[in-house]
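Engineer: Just need the structure, nothing else, for what follows:
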Amino acid sequence: MPEDAALILGYAQSVIFVPGYGLAVAQAQHQVRELADLLKIKGITVKYAIHPVAGRMPGHMNVLLAEANVPYDELKDLDEINGEFSSTDVAVVIGANDVTNPSARNDKSSPIYGMPILNVDQAQSVIMMKRSMSSGFAGVQNELFFLEKTQMLFGDAKNSVEKIVGEIKDL
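Structural biologist: Residues are numbered from 1 along each chain as shown. I've put the predicted structure just below:
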């Protein structure tokens, strides 16, 4: 629920946003930037983890976030950000699926085994925004959905983020 997500975010010290194709489909980049700005006002460190193949073309997320005037120095590529997840309070995954799936690291029988992923599962808690529990482009169920630390927030990313923004303003 957006209220729960707002509480988790509102009391965090560090947040990493992980945008994916769902962000692009929902055109939620402006709302995500608004949420990030609210968190920064509260003194929370905000970064964005950009996987090189997130979205439907290389650089897709960079273009969308630039359109929303997200500061470029907050955008971190896979190699820059992966070591930071373990010391991050909350990872907010917005429509990214395969690029966050731990089976790429853990399951030798997985078709995505060996693909570099964002280590979202190492954050203290995860908020996963998706329309459903369906698999990503690779057709592989995401182990991240089933971790105790993961809170699933179903629905359109734009609407979900707008609701969280409203709740954060009320904290």
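
Engineer: from here on, contacts and neighbour counts on C-alpha atoms
Structural biologist: Will do.

Engineer: what's near enough to touch the closest residue in space to Met1 that isn't next to it in sequence?
Structural biologist: Spatial nearest neighbour of Met1, chain neighbours left out: Leu153 (6.1 Å); criterion: CA to CA, 6 or more residues apart in numbering. By CA atoms under 8 Å, 6 or more residues apart in numbering, Leu153 lies in contact with 1-2, 127-130, 160.

Engineer: any idea which of those is least confident?
Structural biologist: Of all the contacts of Leu153, Met1 has the smallest pLDDT value, namely 84.

Engineer: that older thread, of the contacts of Leu153, select the buried ones using a ChimeraX command.
Structural biologist: Here is the ChimeraX command that picks out the buried ones among the contacts of Leu153, judged by 16 or more other CA atoms under 10 Å:
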select :2,127,128,129,130,160
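
Engineer: what about the closest residue in space to Ile168 that isn't next to it in sequence, how many residues close to it?
Structural biologist: Of all residues not flanking Ile168 in the chain, Ala6 sits nearest, at 5.4 Å (CA to CA, 6+ apart). Applying the criterion other CA atoms under 10 Å, we find 22 residues in the vicinity of Ala6.

Engineer: quick one: Ala6 and Asn69, what's the gap?
Structural biologist: According to CA to CA, to the nearest Å, Ala6 and Asn69 sit 23 Å apart.

Engineer: again with Glu34
Structural biologist: 10 Å.

Engineer: on that earlier part again, wait, a strand at the residue nearest to Met1?
Structural biologist: Yes: under DSSP: H, G, I helix; E, B strand; the rest coil, Leu153 sits within a strand.

Engineer: Tell me the confidence at it?
Structural biologist: 94.

Engineer: now do Lys42
Structural biologist: Per-residue confidence at Lys42 stands at 96 (pLDDT).

Engineer: Apart from its neighbours in sequence, what residue is nearest Glu162?
Structural biologist: Nearest non-adjacent residue to Glu162, counting by CA to CA, 6+ apart: Gln31, 6.3 Å away.

Engineer: Contact partners for the one you found?
Structural biologist: Applying CA under 8 Å, 6+ apart to Gln31 gives the contacts 158, 161-162, 165.

Engineer: The residues you listed into a markdown table, with extra columns for distance to Lys42?
Structural biologist: Shown next, in a markdown table, are the contacts of Gln31 (distance: CA to CA, whole Å):
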| residue | distance to Lys42 |
| --- | --- |
| Lys158 | 22 |
| Val161 | 17 |
| Glu162 | 18 |
| Val165 | 13 |
